[in-house]
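In: Quick one, fold the following:
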Amino acid sequence: MSSNRRNFLRQSLVGAGMVAAGLTGHAALLLDESSEKGNVNAPKQRFNMSGYAAPKIEKVRIGFVGLGNRGPGAVERMSWIEGVEIVALCDQYDDRVEKMQKLLEKRGLPRAKSYSGNKNAWKAMCENPDIDLIYITTPWAWHTPMAVYAMEQGKHAVSEVPAAKTIDESWQLVETSERTKKHFMMLENCCYDFFELLTLNMARQGFFGEIIHGEGAYIHDLRESNFSKTGYSEMWRLRENQQRNGNLYPTHGLGPICQVMNINRGDQMEYLTSMSSADFQMAAMANELAAKDSFYQGFSGKKYRGNMNTTTVRTFKGRTIMIQHDVTSPRPYSRIHLISGTKGVACKWPEPARIANAHEWLKEDEMKKLEEQYTPEIVKLIGSMAKKVGGHGGMDFMMDWRLIDCLHNGLALDQNVYDAVLWSSIAPLSEKSVANRSNSVDVPDFTNGAWKTNAPVELTLKGGGTTGVKSKK
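Out: Numbering: from 1, shown residues only. Have a look, this model is predicted:
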């Protein structure tokens, strides 16, 4: 398919609003072929968003879309940050919006403007000129179309993981962010967990020596919630597991490892290989439920992704990364978070987290000394409050606070559009590798070569750290 025809098809689908509902299989396949190998037909970089500092925003006016699962927690967390105004709430279900209005009232905040009643109410919210930031916590298929539309309307945009489901969607996000000079950030909260920040700072200061290898994962038994009638609207997450066989949720384990390795900022992924086990549980569970409840008949007799997917990546500098995905096996939760270097190693799971600088794990008192020495500034400043407000132990609040502090002070974000799409691209690329007997697949360079000179993530609060928080007893 020619480049002109591919662009015409992409623009037609976006204009018709088809992307918002998720591309159909055939159209998505056609579009995705454009970047199947490296940067074939990739657009030239318009503007480098890595290190870009947008103009300062004294009061960040936020509109939230998607108030079913992750949204309510985000609204509540933002209500504790000074210099934030929650001006709009959006969900297709009226009752969800009203529930959040009551939360604002309880917090002593004014009611926000409501957008609800249909699946396209979010467009009117994005068009509201009194909003600076659109905060997206919807099902996966809506993340890219909503973020693209928000940036087109002059808003910064952030979304829950993944940022995009396809390579073509990834390029849409990159092109739009560069052209509009509006930030797009994926809300990859695990980058702000305490041990991950500690090991990132240790790596920056050379504790591990030259980084050789990293491992991340999302191992989390989600069978109960995926098959629950009330867990996800219209059973959308269970449907994602039908017919898609790969690493569908790579970013939680991958994000912190990429920051340690300076991916997109000194090194870059070159290619990956991916392998999935057979499905030993999901189809069987669907069939078992369908035999008892006719509601599940639409999910029985279907193919589901394998229990365990293992994806391995090689970077241009010769480092390797292993990412695993398993949300059905009865295993303890784990994101692994292993960093291996020429001088030391760290591993968070199985807990307790451990660090070694030779051939033995350090003792508890030695670990405490390391924590005192290497705890980064953001944790010293906001870590205690983050634990009080909560959100996955505090990392969600630390992420939200850092986002607002950067917007307040006109600082570059810790994660930009290139990080969002690269980390998310592991899902469709792994699907291609799995479907092709685990043959290697080139990873697109969404920075178009800028990774060679982009500066690493700044761990200091230079120019920032000024955003206040409201006390929480």
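
In: so what's residue 426 up against?
Out: 247, 250, 251, 254, 272, 311, 313, 323 (CB atoms under 8 Å, 6 or more residues apart in numbering). For the C-beta atoms, the positions are set from N, CA and C on the backbone; glycine is no exception.

In: does residue 83 really touch residue 467, like I thought?
Out: Yes - counting by CB atoms under 8 Å, residue 83 touches residue 467, with 5.9 Å between them.

In: who has more neighbours, these two?
Out: More crowded of residue 83 and residue 467, by other CB atoms under 10 Å: residue 467, with 21 against 16.

In: And that one, what's its pLDDT?
Out: Residue 467 carries a pLDDT value of 98.

In: Helix, strand, or coil at residue 76?
Out: Taken by DSSP: H, G, I helix; E, B strand; the rest coil, the conformation at residue 76 corresponds to helix.

In: Tell me how far the residue lying closest to it once chain neighbours are set aside lies from residue 219.
Out: Leaving aside its chain neighbours, residue 76 sits nearest to residue 103 (6.2 Å; criterion: CB to CB, 6 or more residues apart in numbering). Residue 103 is 32 Å from residue 219, where distance means CB to CB, to the nearest Å.

In: Please apply the same query to residue 419.
Out: For residue 419, the distance to residue 219 - CB to CB - is 22 Å.

In: same deal with residue 310?
Out: Distance, residue 310 to residue 219, using CB to CB: 11 Å.

In: any common contacting residues for these two?
Out: Residues touching both residue 310 and residue 219 comprise residue 324, with contact defined as CB under 8 Å, 6+ apart.

In: mind listing what residue 291 touches?
Out: Shown in contact with residue 291 (CB under 8 Å, 6+ apart): residue 300.

In: Are we agreed that it is in a helix?
Out: Yes - counting by three-state DSSP, residue 291 is found in a helix.

In: Check it and give its pLDDT.
Out: 97.

In: to the chain's geometric centre, what's the distance from stretch 377-389?
Out: For stretch 377-389, the separation from the chain centroid amounts to 21 Å (computed by CA atoms, centre = their mean, to the nearest Å).

In: what is the mean pLDDT for it?
Out: pLDDT averaged over stretch 377-389 gives 97.

In: Surely residue 92 and residue 116 touch.
Out: Yes - under the criterion of CB under 8 Å, residue 92 makes contact with residue 116 at 6.4 Å.

In: Quickly list the domain ranges of this structure.
Out: What automatic domain parsing lists as the domains of the chain is 3-34, 190-377+418-452.

In: How far off centre is the last one?
Out: Relative to its parent chain, domain 190-377+418-452 has a centroid offset of 11 Å by CA atoms, centre = their mean.

In: now do the same end-to-end measure for that domain.
Out: Chord length of domain 190-377+418-452, first to last residue, is 25 Å (CA to CA, to the nearest Å).

In: Quick check: closest non-adjacent residue to residue 47.
Out: The nearest residue in space to residue 47 (CB to CB, 6+ apart) is residue 178, at 4.5 Å.

In: what's around the one you found, how many residues?
Out: Counted with other CB under 10 Å, the neighbours of residue 178 add up to 22.

In: Please name the residues that touch it.
Out: Counting by CB under 8 Å, 6+ apart, residue 178 has contacts 45, 46, 47, 48, 49, 417.

In: now the stretch 1-150 of the chain, which segments are flagged as low pLDDT?
Out: Filtered on pLDDT under 70, the stretch 1-150 of the chain yields the residue ranges 1-41.

In: Tell me where it has helices.
Out: With helices called from DSSP state H, counting those that start in this stretch, the stretch 1-150 of the chain shows them at 3-15, 25-32, 71-78, 94-106, 121-126, 143-152.

In: Quick check, residue 205 in contact with residue 374.
Out: Yes - with contacts counted by CB under 8 Å, residue 205 reaches residue 374, the gap being 6.9 Å.

In: So which of the two has more stuff around it?
Out: residue 374 (19 against 11).

In: Return the distance of that one relative to residue 424.
Out: Remark: distance between residue 374 and residue 424 (CB to CB) = 29 Å.
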